[in-house]
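Undergrad: what follows is a protein structure lacking sequence information:
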């Protein structure tokens with residue numbers, strides 16, 4: 001049995017994170033102690049498509065109403081961010 005070369009990218013972490021044909025970068029962490037944390041990982045799937053995988057943790061207000069308002073705001077901001085990224089990633093028409 002022979003194996004083909006892994007074909008790692010220059011940004012790939014080149015370790016156990018690369019599995020099932022995916023390549024994954026080192027984590028990029030934005031940390032605001034006690035308030036929020038975001039972790040971004042670049043992923044290339046076995047089909048060659050690149051993705052950004054983002055995890056976000058934000059401290060919620062102690063009151064239920066305020067926490068719900070935060071969640072609504074987070075979801076709205078996330079929808080805007082994902083939409084903006086999707087539009088920017090579309091190929092532009094050639095004229």
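TA: That came through fine. Remember, it's a predicted structure, so these values are computed and weren't measured experimentally. Numbers count the residues shown, from 1 in each chain.
Undergrad: what packs against the strand or helix carrying residue 51?
TA: Following DSSP states H and E, one finds residue 51 within strand 50-58. For strand 50-58, the elements it packs on are strand 36-44, helix 64-89, judged by 3 or more CB pairs under 8 Å, 6 or more residues apart in numbering; DSSP states H and E. All C-beta spots, glycine's among them, are computed from the backbone N, C-alpha and C.
Undergrad: residue nearest the centroid of the chain?
TA: Nearest to the mean C-alpha position of the chain, counting by CA atoms, centre = their mean, stands residue 53 at 2.0 Å.
Undergrad: surely that residue is in contact with residue 43?
TA: Yes. Using CB atoms under 8 Å, residue 53 is in contact with residue 43, at 5.3 Å.
Undergrad: per-residue pLDDT, residue 46?
TA: Reported pLDDT at residue 46 in the predicted model: 83.
Undergrad: one more: residue 2?
TA: pLDDT, read off for residue 2, is 40.
Undergrad: who's in contact with stretch 37-54?
TA: 9, 11-12, 20-31, 55-57, 85 (CB atoms under 8 Å, 6 or more residues apart in numbering).
Undergrad: and for stretch 63-76?
TA: By CB under 8 Å, 6+ apart, stretch 63-76 touches 56, 58, 60, 61.
Undergrad: could you find the closest non-adjacent residue to the second one?
TA: On the basis of CB to CB, 6 or more residues apart in numbering, the spatially nearest residue to residue 58 that is not a chain neighbour turns out to be residue 36, at 4.6 Å.
Undergrad: now do the contacts for the one you found.
TA: Here residue 36 is in contact with 30, 56, 57, 58, 59 (CB under 8 Å, 6+ apart).
Undergrad: checking the first one next. Helix, strand or coil?
TA: Translated: residue 30. At residue 30 the chain is in strand, as set by DSSP: H, G, I helix; E, B strand; the rest coil.
Undergrad: distance of it relative to residue 12?
TA: Look at residue 30 and residue 12: by CB to CB, to the nearest Å, they are 21 Å apart.
Undergrad: neighbour count: those two, which is higher?
TA: The neighbour comparison of residue 30 against residue 12 (other CB atoms under 10 Å) goes to residue 12, with 19 against 10.
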